[in-house]
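In: Mind looking at a prediction? Sequence and model below.
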Amino acid sequence: MDLLYNIFIDPFAQMAATPDFLLQVLWEGFVTGTLYALIALGYVLIFKASGVFNFAQGIMVVFAALSLVGFYEAGVPAYLALIMALGVMGVMAIGVERLVLRHMVNQPEIILFMATIGLSYFLIGAGELIFGGETKSMITQELGLPTGSTVVDVAGGIVILQHIDVAAAVIAAILVAALAFFFSKTRIGRALRAVADDHQAALSVGISLNQIWAVVWFAAGIVALATGIMWGARSDVSFALQIVALKALPVLILGGFTSIPGAIIGGLIIGVGEKIFEVYWGGLLGGGVEGWFAYVIALIFLLFRPQGLFGEKIIERI
Amino acid sequence: MIYREAGQFKTSYRQDAAIFPILQDRIAIWFYLFVAFIVIPTFGSDFFINSMMIPFLIFAMASIGLNVLTGYTGQISLGTGAFMGVGAYACYKLTTYFPETNIIILVLLSGFFAAGIGMIFGLPSLRIKGFYLVVTTLAAQFFLEWCFIRVPWLYNYNASGAIEVPQREAFGLIVTGPSASPSVRYLVVLSIVVFLTWIVSNLIHGRIGRTWMMIRDMDIAAELIGVRPLYAKLSAFAVSSYVAGVAGAMLVFFWLGAAEVESFDVNHSFLILFMVIIGGLGSLVGSFLGAAFIWMLPIIIRAVPKMTGLDINASTVEQLNFMIIGALIIVFLIIEPHGLARLWAIAKQKLRIWPFPH
């Protein structure tokens, strides 16, 4: 009985008793969710355009953030460092296309997936070799990002909003809007969608696959840089982020591999869901449930909708 | 010239279905076994046996486990590390409760616990396919990792949270614990690996293995001609997790001596997936080749600066190591996506027509 009470009644009683705390938890979950969504966005971009599940997205986030901080520490002004970091991601996009993807057209998915794991190993080594293995702090102030916090009075209590979190949410929204515009209104965007639909048909109407891939990897690089800045501002820039990036997998699964809105909504569901579960139910299990809860949410969703919330319907033929 | 089948006639179905139809292959296998069982323990140094051969065999075993699932049944899994952990912790608990029982039997038994857990996490595979399945196995990975930390019963309420291998004897020899000699541990590991490889090989070439491959090649078609996906997929998960579990138990009991949750983290799952893919999906030889390649390569790279007298500090070597492995994986996948096993087959084919190629 006691257990049932602890599972089904007590958490809700707590929520009702301290609504301001609940709001705080929701907000925290929302912000984490935004960051998950940003990482997932990078995966979706590449998956949409080339069918490659890019395992290296997580390390690309770290690499982008590290090069930004690295340039700044080398004495480059902050904004110039930002541009140079973008340049690094651009060079990497072209390099990946030239050296890896070009040679692997028509290979099965798992081989391409493995190649991106190889790429992430390479980037881990290169990143540590160039920038050193120790954690660095993000140059938040120098980039003109807001710091500090605001206390808001709601529901008879207070909610603390970190400015950087608000900025993260805004930047994520802008990025998504820009990407949506890019995909639906520009020439390259339409070419991208054509490639995603059918490689061969796209080739036959004169779309250059190589160019598209470089563009898409660069776009994913930009998303990675934005994610790296935001995530770095909340914690630190370190290689541990890589494991966090694995969290994007349940997000992707939830949203469907090919859907940008899916990535966003999936990210929010996972972010909010795991925070609430950790805070209200985690104690029953001894804490630390954040590590696996996201996967369990995704698993439960998958059992009912195997293609994710917004994924294209899977049609199986013989 | 030497390696060809001319003059060897098959006179029965039994001979036709043999795994090694050519006499030279059979001789080669006995030769490898002779080297592994006699030559290496006699002449190998402790370093060679302890830090190269034992982990190589254990990881090869784990790769075979993953290969059953990914290579033969087509279900991608990133939970191998955790299933190895289940085997290790199960073996630890078993030897706590039955300290008198032969440890080798306990190691083989502990795989069944891993098989049970593997089947539970394999259930979603009936509905979920492809990359989506990766999430279920990752759920298994992270959930089990969490269990290894949060359930103190598993590590006997140790303050350190680690499992430490007690000294156990089998056949009058000390086989586990700090005072066990490397060659004894090596021989035990080798025997288990050879035995299980033989079992798995027979499973793969038999009816069960064929249903696995049918599921891999096209699951709906397989279902239509009467393969039950439930049995096929779950048996693959069970066999795969069993083998991985035994490998995990061996990892702790015959190699590491003590283990924490880090020994079974997601990086190990990746490592073993690497071995399987580099070695060749759906090939037992490939599992051994892949394990050898991925395990030996860093050791060789680490040894290069010492031999050439270059003065590079250890962390730089480690980073270069990562870069080289990453680059090699990509190069390999570009040159030969079917892995080392395919290269092996090509080499054999070339050898067969040498010195008169068409």
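Out: Received the coordinates, thanks. Residues are numbered from 1 along each chain as shown, chains lettered A, B, ... in the order given.
In: now the strands for the chain?
Out: Since no chain was named, I'll use chain A. A:149-154, A:157-162 (DSSP state E).
In: that's the wrong chain, I meant chain B
Out: Under the criterion DSSP E, chain B contains strands at B:163-164, B:169-170, B:173-174, B:258-259.
In: any weak-confidence spans in chain A?
Out: A:1, A:133, A:140-142, A:144, A:152-157, A:283, A:286-288, A:308, A:311-318 (pLDDT under 70).
In: Looking only at residue counts, what's the top helix in it?
Out: The longest helix of chain A (DSSP state H) is helix A:19-50.
In: wait, does that helix contact chain B?
Out: No: using CB under 8 Å from any CB of the partner chain, helix A:19-50 never reaches chain B; the gap is at least 9.1 Å. Glycine gets a C-beta too; all of them are placed from N, C-alpha and C.
In: What are the buried residues along that helix?
Out: Residues of helix A:19-50 classed as buried by neighbour count (16 or more other CB atoms under 10 Å in any protein chain shown): A:20-50.
In: which parts of the stretch 151-300 of chain B sit against chain A?
Out: The stretch 151-300 of chain B comes close to chain A at residues B:218, B:220-221, B:224, B:266, B:270, B:273-274, B:277, B:281, as judged by CB under 8 Å from any CB.
In: List only those of these flagged as buried.
Out: Buried among those (16+ other CB under 10 Å): B:266, B:270, B:273-274, B:277, B:281.
In: which one is B:His268 nearest to, not counting chain neighbours?
Out: Using CB to CB, 6 or more residues apart in numbering or on different chains and skipping residues adjacent in sequence, the residue nearest B:His268 is B:Gly81, 3.7 Å away.
In: what number of residues lie near the one you found?
Out: Neighbour count for B:Gly81, taken as other CB atoms under 10 Å in any protein chain shown: 27.
In: And for A:Ala85?
Out: 27.
In: Please report how far it lies from B:Pro229.
Out: For A:Ala85, the distance to B:Pro229 equals 48 Å [CB to CB, to the nearest Å].
In: Excluding residues flanking it in the chain, which one is nearest the spatially most central residue of chain A?
Out: Residue closest to the mean C-alpha point of chain A, counted by CA atoms, centre = their mean, is A:Ile39 at 0.9 Å. Using CB to CB, 6+ apart and skipping the chain neighbours, the partner closest in space to A:Ile39 is A:Ala248 (4.1 Å).
In: Distance from the least confident helix or strand in chain B by mean pLDDT to the middle of the chain?
Out: Within chain B, judged by mean pLDDT, DSSP states H and E, the helix or strand with the poorest mean is strand B:169-170; its value is a mean of 74. In terms of CA atoms, centre = their mean, to the nearest Å, the centre of strand B:169-170 is found 24 Å from the chain centre.
In: Stretch B:343-352 now?
Out: 24 Å.
In: quick one: the residue nearest to A:Ile39 and A:Phe55 touch, right?
Out: No: if you go by CB atoms under 8 Å, A:Ala248 and A:Phe55 don't touch, sitting 10.3 Å apart.
In: So the two - more neighbours on which side?
Out: Neighbour totals were compared for A:Ala248 and A:Phe55, and A:Ala248 leads with 28 against 23 (other CB under 10 Å).
In: re earlier: which members of the residues of the stretch 151-300 of chain B next to chain A are positioned in helices?
Out: Filtering those for helices - DSSP H - leaves B:220-221, B:224, B:266, B:270, B:273-274, B:277.
In: circling back to that earlier point, tell me which of the buried ones among the residues of the stretch 151-300 of chain B next to chain A is nearest to A:Ala226?
Out: A:Ala226 has its nearest neighbour among these in B:Val266, at 25.6 Å by CB to CB.
In: Skip the chain neighbours and tell me the closest residue to that closest one.
Out: B:Gln141 (5.4 Å).
In: Could you report the pLDDT at B:Val246?
Out: Note on B:Val246: pLDDT of 94.
In: And for B:Ile64?
Out: 94.
In: Next one: it from B:Ala247, what distance?
Out: Going from B:Ile64 to B:Ala247 by CB to CB gives 8 Å.
In: Now stretch B:147-163: buried residues?
Out: B:147-148, B:154-155, B:163.
In: Now do it: distance from first to last residue.
Out: Stretch B:147-163 has an end-to-end distance of 14 Å (CA to CA, to the nearest Å).
In: chain center to that stretch, what's the gap?
Out: On the basis of CA atoms, centre = their mean, stretch B:147-163 sits 26 Å off its chain's mean C-alpha point.
In: Equivalent analysis for stretch A:270-285, please.
Out: With CA atoms, centre = their mean as the basis, the mean position of stretch A:270-285 lies at 20 Å from the chain mean.
In: And the contacts of it?
Out: A:6-7, A:11, A:14-15, A:25-26, A:28-37, A:247, A:250-251, A:254, A:287-290, A:293-294, A:297-298, B:150 (CB atoms under 8 Å, 6 or more residues apart in numbering or on different chains).
In: mind redoing it with 7 Å?
Out: For stretch A:270-285, contacts defined as CB atoms under 7 Å, 6 or more residues apart in numbering or on different chains pick out A:6-7, A:11, A:14-15, A:25-26, A:28-30, A:32-33, A:36, A:250-251, A:254, A:289-290, A:293-294, A:297.
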